[in-house]
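Asks: what's the 3D shape of this:
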Amino acid sequence: MVEARILPLAVLVLIVSFPLTTPAAEPQTAADYFPETVVVFAELPDPAGLLDLALDHPVRHKLESLDAVRDAYGTPQFLQFKAVVAAVEAQLGQTWVKLIKSATAGGIAVAIDAPTQGAAVVLTAKDEQTPQELLESFARMASADASANNNPNQIETGEYRGLTVYRVDQSRAIVLGKSMLVTNKAELGQRIVDMYVDKAGKTLSQSKLFKQAQKLAPTDATVWGYVDIAAIRQSGLAKELFTGRSDNPVLEFLVGGILANLKETTLATFAMSLTEERLSVDVAAPHDPAWISEERDYFFGPAGKGSAPPLLHVDGELLSLATYRDVSQMWLRAGDLFDEDVNDGLAQAESNLTTFFSGKDFGEDILGAVSPQIQLIVSRQEFAEDAPKPAIKLPSFALALRLKDAETMRPELRRTFQNLIGFLNVIGAMNGQPQLDLDMDKEGDKQLIAAAYLPEKDADTARLPINFNFSPSIGFVQDRVVVSSTKSLASDLLNLIDGDTSKATPPTNTDVRADLAGVSQILEDNRGQLVAQNMLSEGHTKEEAEVEIDTLLDILKTTQTASLRLTNQDGELRLALELTFAPHDSSASQ
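Replies: Okay, here's the model as predicted:
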């Protein structure tokens, strides 16, 4: 009976003494290798898949078909590089492709640690033998090469925690089970090894901030990463991103709100995805409208609710941009946003603009009369067969804005535009430039005022000066105003806007789309001018310049479109970029 009572007690003691779950023999994720003090982390989960995609990517086939690339493959430097690769492959008994796949079958992770200011890379192989054999093989090859050339062997070996350490200057390499650790700081390497051997210490994967970052990142990314913004900010690194006033108004206009968010947010994630059709990059960070100071309300709007208008689309479109920016508030808050030099320049500009706008305050009365919803479009310019043509052909561009009080501002802007044309004619006459001739069209609520250059009677109308790319125009319809470099684009936009009832597109702050195929065609149209410019600036012969320009054009032709979208929703700020590739002609690579 006593034995029957003791047996259950003994079993209970054993259960308590030996937990049901034991520490894993190997880290389960890449983040398990690194300490929680890591401030930058990036992971490539499937290097083999990315390598296969890169080797057989349509863009690679197109690039390898270029004459310049084929010529580069025949240079002595490249042939020497191939010989070195072949020698390494012979020593290791496998091709470099198989070597990379076997050495990184479990992924690659990179980290930067704050306390040690060191960087570390962990490559996880398919088995425990691969990293050990790889390091030993490289050590033997380095030793043999040093001996053959009567040089000292640069690779030294030592031991730490019972593991062999390979040293080259400040760098260290060590095998941890199926993984190889490479670091440039001994202290960081020791800390990682201690955590691995002792199965103790708080890892990056256990960090609350890192777990929050994982929720922001896409799940299907080719590469993804995390940045501890709070730690970087506290360390004093990259101070220019977090403190001080801007010295660049254009940069402030483009990313001022993003920089303001960096001053308060805790982290940021980034992800990259690659397919045969596209390359996409996604950057995200926590966001709270309360973090944005009053002087930067111009970027996101009051309470962060400002939204961009929809994109405009026309035939021959090269670029379309829609954004929310309260330029009036940005101008009026310049004293808080910019340094002294910029403010001095803006003060001078405001004085001149106030005179130009008949004494009206430029920031309040002119910019303040325009809604923060801004649309910009750039399009390919077509010239009729019998129309005057410039030697250098430029795209046309236009700005579409919404007026808060159209009835008051229409005549004001119309008069200002006419004054501007008169001023340009006076300046042009003084410098021997052609004159602009004003014209006006009116149809219902639509009104278009345009100016055009008139060629001289004996001029070669097929190769006119660059001025003939422009027919400055201003148009009005409903509560909208269009300012354009050409009459044709202004007319197209007025027709497009007339009757358009589309509204802002929350939560989009900025939306951009570019037709890179169209950009390539514009450059192709001006190939002769580009070649001449290359000869002047680089000192190349005509043949050398043609090769360089044609190569750049061919590279650009591998792309099709590019887009950027900045959104502000559900407590996060997200920037998405995408590049699409031109369709692949399979017959071209055969």
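Asks: chain center to the helix or strand hosting Val85: distance?
Replies: Per DSSP states H and E: Val85 is located in helix 76-92. How far helix 76-92 lies from its chain's middle: 35 Å, per Cα atoms, centre = their mean, to the nearest Å.
Asks: Ok, stretch 394-414 next?
Replies: In terms of Cα atoms, centre = their mean, the gap separating the centre of stretch 394-414 from the centre of its chain is 31 Å.
Asks: And it, end to end?
Replies: One end of stretch 394-414 sits 26 Å from the other (Cα to Cα, to the nearest Å).
Asks: With stretch 102-119 instead?
Replies: 23 Å.
Asks: Could you pull out the buried residues of it?
Replies: Residues 102-114, 116, 118-119 are the ones in stretch 102-119 that count as buried (16 or more other Cβ atoms under 10 Å). C-betas here are computed from N, CA, C, even on glycine.
Asks: Can you pull the phi and psi angles for Leu311?
Replies: phi -70, psi 150 (degrees, to the nearest 10).
Asks: what separates it from Gln375, distance-wise?
Replies: As judged by Cβ to Cβ, to the nearest Å, Leu311 and Gln375 stand 7 Å apart.
Asks: So between these two, which is more surrounded?
Replies: Gln375 (23 against 20; other Cβ atoms under 10 Å).
Asks: Please name the nearest non-neighbouring residue to the more buried one.
Replies: Once flanking residues are discounted, Gln375 sits nearest to Ala400: 4.1 Å by Cβ to Cβ, 6 or more residues apart in numbering.
Asks: count of neighbours near the one you found?
Replies: Ala400 has 23 neighbours, counted by other Cβ under 10 Å.
Asks: SS state for it?
Replies: Classification of Ala400 by DSSP: H, G, I helix; E, B strand; the rest coil places it in strand.
Asks: Now do the contacts for it.
Replies: Neighbouring residues of Ala400 by Cβ atoms under 8 Å, 6 or more residues apart in numbering: Leu312, Ile374, Gln375, Leu376, Ile377, Arg480, Val481, Val482, Leu493, Ile497.
Asks: that's a strand at the third one, yeah?
Replies: Yep, that's Gln375 we're talking about. Yes. Membership of Gln375 in a strand is supported by three-state DSSP.
Asks: Show the contacting residues for it.
Replies: Each residue near Gln375 by Cβ under 8 Å, 6+ apart is listed here: Pro309, Leu311, Leu312, Ser320, Leu321, Ala322, Leu399, Ala400, Leu401.
Asks: again with the fifth one
Replies: By Cβ under 8 Å, 6+ apart, the residues touching Ile377 are Leu312, Val314, Glu317, Leu319, Ser320, Leu321, Phe397, Ala398, Ala400, Leu489, Leu493.
Asks: try 10 Å
Replies: When contacts are counted by Cβ atoms under 10 Å, 6 or more residues apart in numbering, Ile377 touches 311-314, 317-322, 395-400, 482, 484, 489, 492-493, 496.
Asks: do the same with Leu321
Replies: Taking Cβ under 10 Å, 6+ apart, we find Leu321 in contact with 308, 311-312, 374-378, 399, 510-514, 564.
Asks: Now list the buried members of those residues.
Replies: Neighbour counting with 16+ other Cβ under 10 Å marks 308, 311-312, 374-378, 399, 510-514 as buried within the contacts of Leu321.
Asks: For Glu412, give me phi and psi.
Replies: Glu412 adopts backbone torsions of phi -60, psi -50, taken as degrees, to the nearest 10.
Asks: my bad, should have said Glu572
Replies: Per-residue torsions, Glu572: phi -140, psi 150 (degrees, to the nearest 10).
Asks: Going forward, count from 31.
Replies: Okay, using 31 as the starting number, the last item reads as Glu602.
Asks: Pairing partners for it in the sheet, please.
Replies: Taking DSSP bridges as the rule, Glu602 bridges to Pro316, Gln599.
Asks: still on that earlier bit, take the buried ones among the contacts of Leu351 and write them to JSON lines, including pLDDT and distance to Ile185.
Replies: As requested, these are arranged in JSON lines below (pLDDT from 0 to 100; distance: Cβ to Cβ, whole Å):
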{"residue": "Ala338", "pLDDT": "95", "distance to Ile185": "56"}
{"residue": "Leu341", "pLDDT": "95", "distance to Ile185": "57"}
{"residue": "Leu342", "pLDDT": "94", "distance to Ile185": "61"}
{"residue": "Ile404", "pLDDT": "97", "distance to Ile185": "59"}
{"residue": "Gln405", "pLDDT": "97", "distance to Ile185": "60"}
{"residue": "Leu406", "pLDDT": "98", "distance to Ile185": "57"}
{"residue": "Ile407", "pLDDT": "98", "distance to Ile185": "59"}
{"residue": "Val408", "pLDDT": "97", "distance to Ile185": "55"}
{"residue": "Leu429", "pLDDT": "98", "distance to Ile185": "62"}
{"residue": "Thr540", "pLDDT": "97", "distance to Ile185": "51"}
{"residue": "Asp541", "pLDDT": "97", "distance to Ile185": "53"}
{"residue": "Val542", "pLDDT": "98", "distance to Ile185": "50"}
{"residue": "Arg543", "pLDDT": "98", "distance to Ile185": "52"}
{"residue": "Ala544", "pLDDT": "97", "distance to Ile185": "49"}
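Asks: Can you tell me which of the residues you listed is closest to Thr249?
Replies: Comparing these against Thr249 with Cβ to Cβ places Asp541 closest, at 24.6 Å.
Asks: The helix or strand hosting that closest one: what's the following helix or strand?
Replies: Counting by DSSP H and E, the element that carries Asp541 is strand 538-545. The helix or strand immediately downstream of strand 538-545 is helix 546-555, counting by DSSP H and E.
Asks: which other residues reach that following helix?
Replies: By Cβ under 10 Å, 6+ apart, the residues outside helix 546-555 that reach it are 346-349, 408-411, 422-425, 545, 559-560, 579-580, 582-592, 609-612.
Asks: one step back: next, show the common contact partners of Leu341 and Gln405.
Replies: Joint contacts of Leu341 and Gln405 (Cβ under 10 Å, 6+ apart) are Ser350, Leu351, Ala352, Asp541.
Asks: between these, which is nearest Leu153?
Replies: Within the shared contacts of Leu341 and Gln405, proximity to Leu153 (Cβ to Cβ) peaks at Asp541, which comes in at 39.4 Å.
Asks: got a list of what the closest one touches?
Replies: Here Asp541 is in contact with 338-341, 350-354, 405, 535, 593-597 (criterion: Cβ under 10 Å, 6+ apart).
Asks: Chain neighbours aside, what residue packs nearest to it?
Replies: Leaving aside its sequence neighbours, Asp541 sits nearest to Ala352 (Cβ to Cβ, 6+ apart; 4.8 Å).
Asks: quick check: angle from whatever helix or strand that neighbour lives in to helix 546-555?
Replies: Following DSSP H and E, one finds Ala352 within strand 347-354. Angle, strand 347-354 to helix 546-555, by axes from the mean of the first three to the mean of the last three Cα atoms, to 10 degrees: 130 degrees.
Asks: Would you mind writing the CA trace of the next helix or strand after strand 347-354 as PDB?
Replies: Using DSSP H and E, the helix or strand that follows strand 347-354 in sequence is helix 357-362. Taking Å, rounded to 0.1, in the frame of the first residue of the first chain, the C-alpha atoms of helix 357-362 are listed here in PDB:
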ATOM      1  CA  VAL A 357       1.300  75.000 -49.900                       C
ATOM      2  CA  SER A 358      -0.100  78.200 -48.400                       C
ATOM      3  CA  GLN A 359       0.400  76.900 -44.900                       C
ATOM      4  CA  MET A 360       3.800  75.600 -45.800                       C
ATOM      5  CA  TRP A 361       4.800  79.100 -47.100                       C
ATOM      6  CA  LEU A 362       3.300  80.900 -44.100                       C
END
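Asks: chain center to the next helix or strand after helix 357-362: distance?
Replies: Next helix or strand after helix 357-362 toward the C-terminus (DSSP H and E): helix 364-367. For helix 364-367, the gap between its own C-alpha mean and the chain's C-alpha mean amounts to 27 Å (Cα atoms, centre = their mean).
Asks: cool, stretch 542-557 as well?
Replies: The answer for stretch 542-557 is 19 Å, by Cα atoms, centre = their mean.
Asks: Okay, buried residues for that stretch please.
Replies: Using 16+ other Cβ under 10 Å as the test for burial, stretch 542-557 gives 542-546, 548-553, 555-556.
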